[in-house]
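# predicted model and sequence follow; I will ask about them next.
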2 protein chains.
Amino acid sequence: MGGDYAPGEIVSGVLKASEMFPELELLLVGHEMVLKKAYPELPQNIRICHAAGVMGMDESVEALRNKKDSSIWVATKLVKDGQADAVVSAGSTAAQMAAALLQFGRIKGIDRPAISTVFPTLQGGKVILDVGANTSVKPEQLVQFAVMGKTYAEVILKIAHPRVALISNGAEEGKGNEVTVEGHQLLKKANLNFVGNIEGRDIPAGNYDVAVCDGFVGNVLLKLSEGLGTSLFSLLKSEFESNLRSKIGAALLMPGLKKIKKMMDYAEVGGAPLLGVKGVSIICHGSSKARAIQNAVRVARDCVAGRFIDQIEESMSGEGGR
Amino acid sequence: MGGDYAPGEIVSGVLKASEMFPELELLLVGHEMVLKKAYPELPQNIRICHAAGVMGMDESVEALRNKKDSSIWVATKLVKDGQADAVVSAGSTAAQMAAALLQFGRIKGIDRPAISTVFPTLQGGKVILDVGANTSVKPEQLVQFAVMGKTYAEVILKIAHPRVALISNGAEEGKGNEVTVEGHQLLKKANLNFVGNIEGRDIPAGNYDVAVCDGFVGNVLLKLSEGLGTSLFSLLKSEFESNLRSKIGAALLMPGLKKIKKMMDYAEVGGAPLLGVKGVSIICHGSSKARAIQNAVRVARDCVAGRFIDQIEESMSGEGGR
């Protein structure tokens, strides 16, 4: 029931996923009456689980404790109780995180969960975290982010020996603020394939697999990238429509432009697991449409199949976490 | 002598500026022999001032004290001694800032100088600062940045009542890290046209005139924008050249695309004054070519003509600074 286009696009995405992954059993968590009326005939591998309430986008996280009938709480509980393997949601990220934290608990060695994103670069999607859960961090948390991001890159993106980078305002190890300068030293000592600092301009180039930063910086850079993409495409569009000559040019270029737009589209990625909790909870963009939801279901499946949570726990207790 | 293309492009820019602004007297500060040999005949309004040394891009700021023959030190001294009105440089920003700080001194009420940029948005160029001088700041400094940025927008960009925004990870006033949350409250109380927090995605939209942040965030967001622009144009270029159809399309669209590229080009802006020192020192991008230098000379002229430093001093002692 969460997200800008719920429940319509969410259900459409689940329908697509049910076709693509017939081996999965998909539980639609939401108001039974509403859903049954809108979708009287669902395929055999989709089942409705009733949840009377919805967490609003602006509701405080504290409200969640008193809203145990909300779809995000019920969905998370299904996983907690072993009736499902993963949650997927496009609703309030704060509520999703709180539900996961309260019900799944934290992975040992992780101070606070982190939100990651798969950022489109010239060399494919790269993992960036934290993009919003922690507005300020301690240097040790940057190492925890790195270990979780590395595991993500290995299990979901199938990258061997992921290169870990630290986002800073200069490539030299002495560059940065207090937290990143100390974080750099800790990352160097950790058992990670740490490739050093990267600057803003290196982010879209993609000479790394995982990049860590605090959630304030990560949030600004992620939203800035989305905003720049939107602005540039709107500039291009108005330019394309400005006269006949450019209309013809645009028509000829359309296949290539669509390819580029697809490369930069978060819907291709679908969603990213909340990192640091003992359960799979996939966070989708609030404006997710059907294709994003379908892809998020794939990410959820890959997390479960790849024993993602176990892998993070092992990384934290072993090599990477020290 | 500083910058990726010095002295060639710098001198070309100065030559262009000497044509465009015949009323200005332009002093080329650098090695006399080198410059005289390369440019035996300069127009009447360009004069060479000898400086034997150059500050390297990687040299420490401490080295500057022992390099008083470096072009940046000599150029700044010419202003300090009243023989020139403004410095323009594309060399090491750290050295330029140190030279200005040591020779001009700070404006009363400003804790530390800041570097600003004119960021291209859908609604024209907007002032963002700090973009690199201060990796961490106190809440009061955000107010100082706002006052200086506001004055910049008024004097150089000719914007009346500039709208000041605070870059954060959420629009609500409670969103942010400790410094921005407290900074928000101070900005609200200051005598500024404060419009509240903006998120990353709002930056390219341009519904503000001045946006403030710490120099770590500002540096990452500025370089990320440059990197995204470069990446996207390289993707477009390779797409345009991929087959005959798209080559024709690209040729038809070229005028429009050039217009967009020009909108996003820092060379149009030229340079931005170092803010908070008692003298005009225009910082140019290291990779500035002739057009950027020419435009930077224009910015220098506007700063002097608009009594930019006096205006900041007045703003700091008066309304905005409290």
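Yep, it's here.

# pick out the residue of the stretch 51-200 of chain A closest to chain B.
A:Gly200 (3.1 Å; C-beta to the nearest C-beta). Every residue, glycine included, has its C-beta placed from N, CA and C.

# what number of residues lie near that residue?
24 (other C-beta atoms under 10 Å in any protein chain shown).

# in whichever strand or helix holds A:Val87, what counts as buried?
Following DSSP states H and E, the helix or strand that holds A:Val87 is strand A:86-89. Neighbour counts over strand A:86-89 (16 or more other C-beta atoms under 10 Å in any protein chain shown) mark A:Ala86, A:Val87, A:Val88, A:Ser89 as buried.

# pull up the per-residue confidence for A:Gly320.
Per-residue pLDDT puts A:Gly320 at 48.

# hang on, I meant A:Gln44
Taking A:Gln44 on its own, its pLDDT is 92.

# can you classify it as helix, strand or coil?
coil (DSSP: H, G, I helix; E, B strand; the rest coil).

# backbone phi and psi for it, please?
Dihedral pair for A:Gln44: phi -60, psi -30, per degrees, to the nearest 10.

# likewise A:Val181?
phi -60, psi -40.

# in chain A, which spans are strands?
A:26-30, A:46-50, A:86-89, A:114-121, A:124-129, A:164-167, A:194-198, A:210-212, A:272-275, A:280-283 (DSSP state E).

# ok, the first one: who's next to it in the sheet?
On the basis of DSSP bridges, the sheet neighbours of strand A:26-30 come out as strand A:46-50 (parallel).

# CA-only coordinates of the strand it pairs with in PDB, if you can.
What follows is strand A:46-50, C-alpha atoms only, in PDB (Å, rounded to 0.1, in the frame of the first residue of the first chain):
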ATOM      1  CA  ILE A  46      -0.100 -14.500  -5.600                       C
ATOM      2  CA  ARG A  47      -2.000 -14.400  -2.300                       C
ATOM      3  CA  ILE A  48      -3.400 -11.400  -0.400                       C
ATOM      4  CA  CYS A  49      -2.500 -10.900   3.200                       C
ATOM      5  CA  HIS A  50      -4.700  -8.500   5.100                       C
END
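
# in it, what counts as buried?
A:Ile46, A:Ile48, A:Cys49.

# between the residues you listed, which is closest to A:Asp310?
A:Cys49 (25.7 Å; C-beta to C-beta).

# dump the buried residues of strand A:86-89 to CSV, plus pLDDT and distance to B:Ala211.
Output for the buried residues of strand A:86-89, formatted as CSV (pLDDT from 0 to 100; distance: C-beta to C-beta, whole Å):
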residue, pLDDT, distance to B:Ala211
A:Ala86, 98, 39
A:Val87, 98, 36
A:Val88, 97, 35
A:Ser89, 96, 32
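
# now these as TSV including distance to A:Ser242?
Below are the buried residues of strand A:86-89 laid out as TSV (distance: C-beta to C-beta, whole Å):
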residue	distance to A:Ser242
A:Ala86	47
A:Val87	46
A:Val88	41
A:Ser89	41
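
# ok so, going back, so which of the strands of chain A is the most surrounded?
strand A:210-212 (a mean of 30; mean count of other C-beta atoms under 10 Å in any protein chain shown).

# from chain B, how far out is the spatially most central residue of chain A?
Most central in chain A under C-alpha atoms, centre = their mean is A:Ala272, positioned 2.5 Å from the mean C-alpha point. For A:Ala272, the distance to chain B (C-beta to the nearest C-beta, to the nearest Å) stands at 17 Å.

# contacting residues for that residue?
A:Ile115, A:Ser116, A:Thr117, A:Val118, A:Tyr152, A:Ile282, A:Ile283, A:Val299 (C-beta atoms under 8 Å, 6 or more residues apart in numbering or on different chains).

# for chain A, give me the ranges with low pLDDT.
Applying pLDDT under 70 to chain A picks out residues A:319-322.

# outline the domain layout of it.
In terms of domains, chain A is parsed into A:8-110+A:276-312, A:117-223, A:228-258 (source: automatic domain parsing).

# just checking: what are the partner strands of the strand holding A:Val87?
For strand A:86-89, pairing defined by DSSP bridges yields strand A:280-283 (parallel).

# how far does the strand it pairs with sit from the chain's center?
In this view, strand A:280-283 has its centroid 8 Å away from the chain centroid, taken as C-alpha atoms, centre = their mean, to the nearest Å.

# tally of neighbours for the residue nearest to A:Leu275 when sequence neighbours are not counted?
Nearest residue to A:Leu275, sequence neighbours excluded (C-beta to C-beta, 6 or more residues apart in numbering or on different chains): A:Met148, at 4.2 Å. Neighbour count of A:Met148, defined by other C-beta under 10 Å: 30.

# my read: A:Met148 touches A:Glu314, true?
No. Counting by C-beta atoms under 8 Å, A:Met148 stays clear of A:Glu314, with 11.9 Å between them.

# got the residue ranges for the helices in the stretch 201-322 of chain A?
A:215-240, A:244-263, A:266-269, A:290-305, A:308-317 (DSSP state H, counting those that start in this stretch).

# dump these into TSV; add mean neighbour count as well.
Shown next, in TSV, are the helices of the stretch 201-322 of chain A (neighbours: other C-beta atoms under 10 Å in any protein chain shown):
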stretch	mean neighbour count
helix A:215-240	21
helix A:244-263	16
helix A:266-269	20
helix A:290-305	22
helix A:308-317	19
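
# output the ones you listed as TSV; include the columns distance to B:Lys16.
Shown next, in TSV, are the helices of the stretch 201-322 of chain A (distance: least, C-beta to C-beta, whole Å):
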stretch	distance to B:Lys16
helix A:215-240	28
helix A:244-263	31
helix A:266-269	43
helix A:290-305	50
helix A:308-317	57
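
# rewinding a little: B:Ser234 is nearest to which of the domains of chain A?
Here domain A:117-223 is closest among these (C-beta to C-beta), at 7.4 Å.

# what is the end-to-end distance of that closest one?
11 Å (C-alpha to C-alpha, to the nearest Å).

# and it, how far out from the chain's middle?
15 Å.

# next one: stretch A:28-38
26 Å.

# just the buried residues of that stretch, please?
A:Leu28, A:Val29, A:Gly30, A:His31, A:Leu35.

# how about the spatially closest residue to A:Trp73 that is not a sequence neighbour, what does it touch?
Spatially, and ignoring its direct neighbours in sequence, A:Trp73 is nearest to A:Ala99 (5.2 Å; C-beta to C-beta, 6+ apart). Residues counted as contacts of A:Ala99 (C-beta under 8 Å, 6+ apart) are A:Leu64, A:Ile72, A:Trp73, A:Ala75, A:Thr76, A:Ser281.

# filter the residues you listed down to just the ones in helices.
A:Leu64, A:Ile72, A:Trp73, A:Ala75, A:Thr76 (DSSP state H).

# just flag the most distant two among the residues you listed.
A:Leu64 and A:Ala75 (12.5 Å).

# more crowded one of those two?
Shown here are A:Leu64 and A:Ala75; by other C-beta under 10 Å, A:Ala75 has more neighbours (27 against 22).

# need the contact list for the more buried one.
A:Leu27, A:Val29, A:Cys49, A:Ala51, A:Ala84, A:Val87, A:Ser89, A:Ala99.

# now, among the buried residues of stretch A:28-38, which is nearest to A:Ala6?
Closest to A:Ala6, out of all of the buried residues of stretch A:28-38 and judged by C-beta to C-beta, is A:Gly30, at 7.9 Å.

# run through the bridge partners of the closest one.
A:His50.

# contact partners for it?
A:Met1, A:Ala6, A:Pro7, A:Ile48, A:Cys49, A:His50, A:Ala51, A:Val54, A:Ser71.

# could you do A:Leu142 as well?
A:Leu166, A:Val179, A:Thr180, A:Gly183, A:Leu186, A:Leu187, A:Val212, A:Cys213, A:Asp214.

# run a quick check on the first one versus A:Gln185, I expect a contact.
No. With the criterion set as C-beta under 8 Å, A:Leu166 and A:Gln185 do not qualify as a contacting pair; they are 10.4 Å apart.
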